[in-house]
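Visitor: curious how this folds, go ahead:
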Amino acid sequence: MEKINFSIDINAPKEKVWKVLWNDDSYRKWTTPFAEGSYAKTDNWKEGSKVLFLGPGGDGGMVSTVATNKKNEFMSFEHLGVVKDGIEDTESDSAKGWAGARENYRLTDNNGKTKLAVDMDGTDEFKDYFLKTWPVALEKVKELSEKN
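Guide: The predicted model follows:
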């Protein structure tokens, strides 16, 4: 796997950006570029808890765990496998291809503004997709965060 990096500067405090990232309503909005109707099933993003990143209707997605949650600063997920046809799969070859992959979100204060940096482990199969989609998703985070 290869680490892919993205970042954006947002004219809002990091506490507001954090809320946009992890509040259910705004999460569903900023993840739309990945798949219309995307959402997460989580125990309030608690460190050590399982997260299901799901597509419309609960089908297709990732099984992950919250590896680190430092409020307003850093969130890290470890991907464990995939969800297909509503079933969590951590055993198949395609699922094992994602096992151990990390996805990290870092928020840094810059005089009342926020730099949001995202890095993730990606496979060649999905690299082009992420290179096109992440910048659009981050623009959506920026737009939502900068609203009054």
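Visitor: buried residues of the helix ranked longest in the chain, list them for me.
Guide: In the chain, taking DSSP state H as the definition, the longest helix is helix 124-146. Neighbour counts over helix 124-146 (16 or more other C-beta atoms under 10 Å) mark 130, 133-134, 137-138, 140-142, 144-145 as buried. Any C-beta I mention is one placed from the backbone N, CA and C, and that applies to glycine too.
Visitor: quickly list what S64 is bridged to.
Guide: Beta bridges link S64 to V51, H79, judged by DSSP bridges.
Visitor: any idea how far T90 is from it?
Guide: 11 Å (C-beta to C-beta, to the nearest Å).
Visitor: need the overlap of contacts for these two.
Guide: L80 (C-beta atoms under 8 Å, 6 or more residues apart in numbering).
Visitor: now the longest helix of the chain - C-alpha only, CSV.
Guide: Provided in CSV are the C-alpha atoms of helix 124-146 (Å, rounded to 0.1, in the frame of the first residue of the first chain):
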residue,chain,number,x,y,z
ASP,A,124,-3.2,0.9,-6.8
GLU,A,125,-6.7,-0.3,-7.6
PHE,A,126,-8.3,2.8,-5.9
LYS,A,127,-5.5,5.4,-6.1
ASP,A,128,-6.9,7.3,-9.1
TYR,A,129,-10.4,7.3,-7.6
PHE,A,130,-9.1,8.8,-4.3
LEU,A,131,-6.9,11.3,-6.1
LYS,A,132,-10.0,12.6,-7.8
THR,A,133,-12.5,12.3,-5.0
TRP,A,134,-10.7,13.5,-1.9
PRO,A,135,-10.1,17.1,-3.1
VAL,A,136,-13.9,17.4,-3.8
ALA,A,137,-14.8,16.0,-0.4
LEU,A,138,-12.3,18.4,1.3
GLU,A,139,-13.8,21.3,-0.5
LYS,A,140,-17.2,20.2,0.9
VAL,A,141,-15.7,20.1,4.4
LYS,A,142,-14.4,23.6,3.9
GLU,A,143,-17.7,24.9,2.6
LEU,A,144,-19.6,23.4,5.5
SER,A,145,-17.1,24.7,8.1
GLU,A,146,-17.0,28.2,6.8
